[in-house]
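Visitor: Got a sequence here, can you build the structure:
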Amino acid sequence: MSLFVIQHKHNADTCPARDPKMGSMLLEHLSAANAKTFGVTIHGEAVVEGAHTLYVIADAADEGSLSRYMQPFAQAGSIEIWPANTCEAVVERGGCDRT
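Guide: As a prediction, the model looks like this:
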């Protein structure tokens, strides 16, 4: 499993949280049980207040698994997925750049 940070952004006029059905569906989609069906483990998620931006920290086998998992969010806006690592691992290897 590899660690990733995912960013989802949408416009204020397409905010899924404004639609009770869409908001409910996305909360269910973010659940640990559902993520597991995609081979994804969610470590945390947060929405930046007023920015219409969601960040997710997750483990997955590969970026493709995460991309498939995040498809419902792509209906409302953009998705970016970045490979990541823990601070501990970065300090142990001596820096942020992969070597």
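Visitor: how far is the helix or strand hosting residue 81 from where the chain is centred?
Guide: Using DSSP states H and E, the element containing residue 81 is strand 77-83. The chain centre lies 7 Å from the centre of strand 77-83; the measure is Cα atoms, centre = their mean, to the nearest Å.
Visitor: Only C-alpha atoms, please: export the helix or strand following that strand in CSV.
Guide: Next helix or strand after strand 77-83 toward the C-terminus (DSSP H and E): helix 87-93. Output in CSV follows, covering the C-alpha atoms of helix 87-93 (Å, rounded to 0.1, in the frame of the first residue of the first chain):
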residue,chain,number,x,y,z
CYS,A,87,7.0,13.0,8.0
GLU,A,88,8.8,10.2,9.8
ALA,A,89,9.7,8.4,6.5
VAL,A,90,10.8,11.7,4.9
VAL,A,91,13.1,12.5,7.9
GLU,A,92,14.5,8.9,7.9
ARG,A,93,15.4,9.2,4.2
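Visitor: Could you point out which residue ranges in this protein have low pLDDT?
Guide: The chain contains residues with pLDDT under 70 at 99.
Visitor: where do the strands sit along the chain?
Guide: For the chain, the strands defined by DSSP state E occupy 2-10, 40-48, 53-60, 77-83.
Visitor: tell me what the first one is packed against?
Guide: Same thing as strand 2-10. Contacts defined by 3 or more Cβ pairs under 8 Å, 6 or more residues apart in numbering; DSSP states H and E place strand 2-10 against strand 53-60, helix 63-69, helix 71-74, strand 77-83. All C-beta atoms are positioned from the backbone trio N, CA, C, and that covers glycine.
Visitor: do the second one as well
Guide: Packed against strand 40-48, as judged by 3+ Cβ pairs under 8 Å, 6+ apart, are the following elements: helix 32-37, strand 53-60, helix 63-69.
Visitor: which residues touch that strand?
Guide: Residues from elsewhere that reach strand 40-48, judged by Cβ atoms under 8 Å, 6 or more residues apart in numbering: 1, 3, 17, 30, 32, 35, 53-60, 65-66, 69.
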